[in-house]
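> Quick one, fold the following:
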Amino acid sequence: MIESLKGAGAPLDAGTIYDGGNSAFQALGLACLAGAARVIFLGLDMGKTGGRAHYFGEHPKTLNRNSPFDVFRANFNQAAPEFEAREVDVVNCSRSTTLTGYRRAALIDELGPKWNTTEKS
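Predicted coordinates for the structure are as follows:
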């Protein structure tokens with residue numbers, strides 16, 4: 001069982017992650033616990049892109065419809081040096097993003113030439 005603590009940071013130990021206020025942050029913590037050397041963010045806008053909070057639109061009225069992106073961003077950016085210190089290369093390959101604490105790159109550059117279908121073999 002993994003315990004999720006309120007706040008932001010890299011995992012404390014094998015059984016604890018921080019929640020960062022959102023599931024993407026928790027997934028980053030789990031990847032770190034699993035021994036990931038590199039994590040690639042895709043679609044992690046952390047803001048309203050095209051006027052939508054999520055790719056599917058807004059949450060239903062039964063859920064909190066206000067995603068506090070400013071809090072989410074602060075948690076991600078605050079934790080960036082901790083993941084770097086643990087030698088987890090976190091790369092933001094999102095097309096549109098408001099996160100500033102992580103290295104930015106094009107996905108094709110991170111995946112390498114094997115995946116680049118625009119180049120001739």
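> Tell me, how many residues neighbour residue 40?
17 (other C-beta atoms under 10 Å). Just so you know, the C-beta spots here come from the backbone N, C-alpha and C atoms, and that holds for glycine as well.
> Touching, it and residue 109? I think so.
No: using C-beta atoms under 8 Å, residue 40 is not in contact with residue 109; the gap is 10.7 Å.
> Residue 98: what's it in contact with?
45-47, 69, 73 (C-beta atoms under 8 Å, 6 or more residues apart in numbering).
> err, residue 19, not the other one
4-7, 25-26.
> Please enumerate the strands of the protein.
For the chain, the strands defined by DSSP state E cover 3-5, 16-18, 38-41, 89-92, 103-104.
> Could you look over those and pick the most buried one?
strand 16-18 (a mean of 20; mean count of other C-beta atoms under 10 Å).
> Mind giving me the packing neighbours of that one?
Counting by 3 or more C-beta pairs under 8 Å, 6 or more residues apart in numbering; DSSP states H and E, the packing neighbours recorded for strand 16-18 are strand 3-5, helix 23-33.
> These: which one's closest to residue 11?
Among the helices and strands packed on strand 16-18, the nearest to residue 11 by C-beta to C-beta is helix 23-33 (5.0 Å).
> re the thing from before, go through the helices and strands packed on strand 16-18 and pick out the most buried.
Most buried among the helices and strands packed on strand 16-18, given mean count of other C-beta under 10 Å as the contact rule, is helix 23-33, at a mean of 18.
> Identify each buried residue in the biggest helix by length in the chain, please.
Taking DSSP state H as the criterion, the chain has its longest helix at helix 69-85. Across helix 69-85, burial judged by 16 or more other C-beta atoms under 10 Å covers 69, 72-77, 79-80, 83.
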